[in-house]
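>>> Curious how this folds, go ahead:
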Amino acid sequence: MTAKVARRIASAGSLLMLAAGALLIPASTASAAERDGVCDVGEVCFYYNSNQQGAVSDFSSSVGSYGESQPKCYEFKGSGKGAGECMKNQAASVANRTDKPVTVYYNSNYQGASQTIPAGESANLSAELKNQNASHLIGD
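A predicted model of the protein is given here:
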């Protein structure tokens, strides 16, 4: 066997090993788990207290009505103040970890006074919406 043929065989073998190794790398399973009480990338998160404190209610989609009472309401999760309580008319601050603006509304079905939190920003809700919120819309 010539040196040239031996190099080609070694090179082909290296390529096969690289390809086989790529197949063994697991696909990423990291994704936002909506409604788990953790404010993940890709979610909008509502907090019971100002300055993103207290229990959290996290969403990856728009919600037209937070619901009035259990078992048909979205509740705050986690161990902070407000945990387990329905979030309608009880959120004080928001963290927008999506890549779109999020608008919080005073009334259900995206009606009434509103406040828009830009993509990637956090804010305390305005005096008009603090503890007076019923729906949110992600995007324009």
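
>>> Need the nearest residue in space to the residue nearest in space to the middle of the chain, chain neighbours excluded.
Centroid check for the chain by CA atoms, centre = their mean gives Glu43 as the closest residue, at 1.5 Å. Using CB to CB, 6 or more residues apart in numbering and skipping the chain neighbours, the partner closest in space to Glu43 is Asp58 (4.6 Å). Just so you know, the C-beta spots here come from the backbone N, C-alpha and C atoms, and that holds for glycine as well.

>>> my read: the one you found touches Arg35, true?
Yes: counting by CB atoms under 8 Å, Arg35 is a contact partner of Asp58 at 6.3 Å.

>>> Quick one: list the elements packing against the helix or strand Ser114 falls within.
Under the criterion of DSSP states H and E, Ser114 resides in strand 111-117. Judged by 3 or more CB pairs under 8 Å, 6 or more residues apart in numbering; DSSP states H and E, strand 111-117 is in contact with strand 102-107.

>>> Give the buried residues for the strand it packs on.
Buried residues in strand 102-107, counted by 16 or more other CB atoms under 10 Å: 102-106.

>>> Worst mean pLDDT across the helices and strands of this protein, which element?
helix 3-24 (a mean of 47; mean pLDDT, DSSP states H and E).

>>> got any ranges where the protein has weak pLDDT?
1-32 (pLDDT under 70).

>>> Would you mind measuring from the nearest residue to Gly112 once chain neighbours are set aside to Ala33?
Spatial nearest neighbour of Gly112, chain neighbours left out: Tyr106 (3.5 Å); criterion: CB to CB, 6+ apart. According to CB to CB, to the nearest Å, Tyr106 stands 29 Å off from Ala33.

>>> quick one on the thing from earlier: next, work out how far apart the residue nearest to Gly112 and Gly78 are.
25 Å.

>>> What of Glu128?
As defined by CB to CB, Glu128 lies at a distance of 26 Å from Gly78.

>>> which SSE is Ala55 in?
Going by DSSP H and E, Ala55 is part of strand 53-59.

>>> Now do the following helix or strand past that strand: distance to the chain's middle.
Heading C-terminal from strand 53-59, the first helix or strand you meet, by DSSP H and E, is strand 93-96. Distance, stretch centre to chain centre, for strand 93-96: 10 Å (CA atoms, centre = their mean, to the nearest Å).
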